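In: Sharing a model that was predicted from the sequence below.
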Amino acid sequence: MKIRTAIPLAAILAAAGMVDAPAQGFMPDRVIEVMVHSGPGAGNDVFARSVIKVLNEIKAVPQQMQVMNKTGGGGLVAMSYLSEKKADTHLVAVFTGVWWVNPMIRKEAKVTMKELTPVARLVLEPAVMTVRADSPYKSTKDFIEAAKANPGKLKQSGGSLSSRDNSYRFLLMKETGANWQFISMKSGGERVAALLGGHVDMMIMEPAEAMEQIRAGKVRVIATMMNNRLASMPDTSTLKEQGFKVPEVPQSRGFVGPPGMPANVKTYWEGVFTKMHQSSQWQGFLKENLYEDGFLTGAGLNAFVDEYANTMRGILKEAGIKIIR
Amino acid sequence: MDVLTGLMQGFSIALEPMNLLWCFIGVFFGTVVGVLPGLGPSATVALLLPLTLQMNPTAGIIMMSGIYYGAKYGGSTTSILLNVPGESASVVTCLDGFAMARNGRAGPALGIAAISSFIAGTVGVVLLMLVAPPIAEFALRFGPPEYFALMALGLSMVVLLAGKSMIKALLSMFLGLWCATIGIDLFTDGTRFTFGQIELMDGVNFVVVAIGTFAIGEVLTNLGVQSSGQNFTVPKGLRNLLPNWQDLKDCRFAFLNGSLVGFFVGVLPGAGSTIASFVSYGIEKAVSRHPERFGTGAVEGVAAPEAANNSETGGALVPLLTLGIPGSGTTAILLAALILWGLKPGPLLIQDNPQMFWGLVASMYIGNVILLILNLPLVPLFAQILRLPGYVLYPGILGVSIIGVYSVDQTLLDVWLMVGFGVLGYLMRRLDYPAAPLILGLVLGDLMENAVRQSLMMSNGDIAILYSRPLAATMLLFAAAILVGPLFRQVNSWRLKAAEQEA
């Protein structure tokens, strides 16, 4: 018989011989499922697989880690699945900004980030404002002036109304009084194709997405959207530098566990991600994909969960999106 | 690089024993998952992704692409034999393929599907190799108004899918269009007709509707028919189990039409092989000298869509490899694989990694030959399935359908929806409503709505944007011609009748 754990369910599982974990040091003993709320091939999916790849390389987890794609409801299916797997010790999920936004705007949502168990924030994704390489706009100022001269005529391709691209659009329109169209498109591929084909004038994308198009001379970055310049684009000025007082809309990715994740399991994962964060492989991954290091655990992460909820609530309100909770 | 030297180099890479083995494994798995309804190439490629990350990129992409185009071969099998679409692009194949099976020509139908897949698959690779960059540039000229026109052209095919009654076909199509509105609205983030079900927020899965209306509808219909054992006749002798010379001759144009339409639609991001198969079927019927044979077992009705959905693979690889833009579910996973290998997909991918590109191209030539060799001998074997008596066959279809539908998203709601659509399919059959327009509406509805709303946002509500751009206008004219065509024939027949009465 194993030592009794604090969580009754875990004790039952342990008694049944399904979990071989002593109370203090948790050690996974079967396949670990890594849930992703988007389909195979999407950004989150690639992110999850990259993390698994690094963890395998540094041998941080003794068990196999397997991606599970729980798509649907723009992330809601994954969130509610996780909320139903209380105290599942072999399940973690990748979170992004929609995990905060969804419960705010959808009544179907069953849980918020606060009720789940955030384990570690790993990256912050910068954003850049891009135009086609032959576009007359050399800076965001050029674009804004053109938009002012032709209200409602310029176009931006992007995702849904509650996406980060649209939040930035609203903030910029509010700040400058300019006005342009936001054309929602389903996939990132369609959005980039619309920009390259000249059907829209501007798109806000992630640097990794833009980099190859820039290298091929197809796309030009007219501003970076973060408070500080990007290491990968040291010569491109930020929105702030160009004189636009627009708050940074952060986008983060990290890992979250089911509600009531036992403390020793949470500690285990914090240890794993801390080890990963220190590895040269992970630092290489961040650099290659033009991510900013956003490593955060423990109390700092909890504070971020609240702070981010407030930021997003404010931005969505400004953007005119109905908040229900 | 010169095409010829590139290709020579490609073959030297693709013919390395290990790469050849991976190519074989890929197309073999592809065929298997293609035959199984529900489990599609994208799910399989995703499943094998972790494995391929251990391989070198060239071997990996050879295998994953093999699954992708291999699945297109297998997709027709259950469509023809059981009226169960193996994957979305094979719905059209059901129409004439299953009719051929009923006429005791399952073997020739399967054979034609394999041959047409081979021809189109090869044409797709040739075009990928020769015209990828310019055609990708051309495809970029397709903006929302052009997509709208393409969808309108697709929807106009309803005229050609209609049986006796145009009204019934239109009603069926409108039902499909309505189903397409279920889910989250892209433009307002609101939900439509989801009744609080999270599972419905991404809309009704196409596979669920297709398998429900076709397969379950078929089974229910047959329950009502008193039959003694075997329902199909399967002729003996290998000769009758393979297509004859006349079949091949009848399909000459279908091979070409399907190959070109499939490739071009494949190049357009987000359009998809289902549209390609519908459009090529429509074209085939429109130009046919005996359009009345379509739906009753016309061999061209199998050849055209099967060709289209196979050359679509070559097309779909074009934006992925030349622009770094994935156009379909499966190519999105290939993109992920390229990123995970550290290859930096984008406009410079081919230039930076010529071995990978040419190795892939060469392997696709080889893979298509392997697929033909693999699939043709299976034809007589598969055709024997129809010898099974009804009490074995129909429960079998039910089982395969339920597993297939469940495997898509692992949700029971889908299975119940399938049952619902099965009942609907049964009623439609009894009341003589064609089911294909329903599928057409469902597939195109979403894309068309997005395109029209995007267009109107671009123009601030000015509807002229839809027809004032030359490419869009051309496609709309074609659509109008297709729509008006039967009306002309109708008027003509009235005139003839009137003339007869006068005489």
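Out: Cool, got the structure. Numbering: from 1, shown residues only, chains lettered A, B, ... in the order given.
In: Could you list the low-confidence segments of the stretch 1-150 of chain B?
Out: Where the stretch 1-150 of chain B drops to pLDDT under 70, the residues are B:1.
In: okay, which residue is most central for the chain?
Out: Using chain A here. Centroid-nearest residue in chain A, with Cα atoms, centre = their mean: residue A:96, separated by 3.2 Å.
In: my bad, the chain I had in mind was chain B
Out: For chain B, the residue sitting closest to the mean C-alpha position, by Cα atoms, centre = their mean, is residue B:89 at 1.8 Å.
In: List the contacts of residue A:204.
Out: A:127, A:128, A:129, A:130, A:156, A:158, A:164, A:165, A:168, A:169, A:225 (Cβ atoms under 8 Å, 6 or more residues apart in numbering or on different chains). For the C-beta atoms, the positions are set from N, CA and C on the backbone; glycine is no exception.
In: hang on, I meant residue B:45
Out: Shown in contact with residue B:45 (Cβ under 8 Å, 6+ apart): A:40, B:64, B:67, B:68, B:330, B:333, B:334.
In: Alpha carbons of the one helix or strand it maps to, in PDB - could you do that?
Out: Taking DSSP states H and E as the criterion, residue B:45 maps to helix B:41-52. As requested, the backbone C-alpha atoms of helix B:41-52 are provided in PDB (Å, rounded to 0.1, in the frame of the first residue of the first chain):
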ATOM      1  CA  PRO B  41      -5.200  11.900 -44.400                       C
ATOM      2  CA  SER B  42      -4.900  14.900 -42.000                       C
ATOM      3  CA  ALA B  43      -5.600  12.800 -38.900                       C
ATOM      4  CA  THR B  44      -3.200  10.200 -40.100                       C
ATOM      5  CA  VAL B  45      -0.400  12.600 -41.000                       C
ATOM      6  CA  ALA B  46      -0.900  14.200 -37.600                       C
ATOM      7  CA  LEU B  47      -0.700  10.900 -35.900                       C
ATOM      8  CA  LEU B  48       2.600  10.100 -37.600                       C
ATOM      9  CA  LEU B  49       4.100  13.500 -37.100                       C
ATOM     10  CA  PRO B  50       6.000  12.700 -34.000                       C
ATOM     11  CA  LEU B  51       7.600   9.700 -35.800                       C
ATOM     12  CA  THR B  52       8.700  11.800 -38.800                       C
END
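In: Now do the next helix or strand after it against helix B:41-52, angle only.
Out: Reading on from helix B:41-52 to the C-terminus, the next helix or strand found by DSSP H and E is helix B:57-82. Inter-element angle recorded for helix B:57-82 and helix B:41-52: 150 degrees (by axes from the mean of the first three to the mean of the last three Cα atoms, to 10 degrees).
In: how far out from the middle of the chain is helix B:57-82?
Out: Here helix B:57-82 is found 12 Å from its chain centre; the criterion is Cα atoms, centre = their mean, to the nearest Å.
In: Just after that helix, pick out the following helix or strand.
Out: If you walk from helix B:57-82 toward the C-terminus, the next helix or strand you reach (DSSP H and E) is helix B:91-102.
In: by contact count, what packs against that next one?
Out: Secondary-structure packing of helix B:91-102 (3 or more Cβ pairs under 8 Å, 6 or more residues apart in numbering or on different chains; DSSP states H and E): helix B:57-82, helix B:106-139, helix B:273-287, helix B:300-323, helix B:436-458.
In: ok, back up a step: just put the contacts of residue A:204 in a markdown table and tack on pLDDT and distance to residue B:338.
Out: Formatted as a markdown table, the entries for the contacts of residue A:204 read as follows, by pLDDT from 0 to 100; distance: Cβ to Cβ, whole Å:
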| residue | pLDDT | distance to residue B:338 |
| --- | --- | --- |
| A:127 | 93 | 23 |
| A:128 | 95 | 21 |
| A:129 | 96 | 26 |
| A:130 | 96 | 21 |
| A:156 | 96 | 27 |
| A:158 | 93 | 24 |
| A:164 | 89 | 25 |
| A:165 | 90 | 24 |
| A:168 | 92 | 28 |
| A:169 | 93 | 30 |
| A:225 | 92 | 26 |
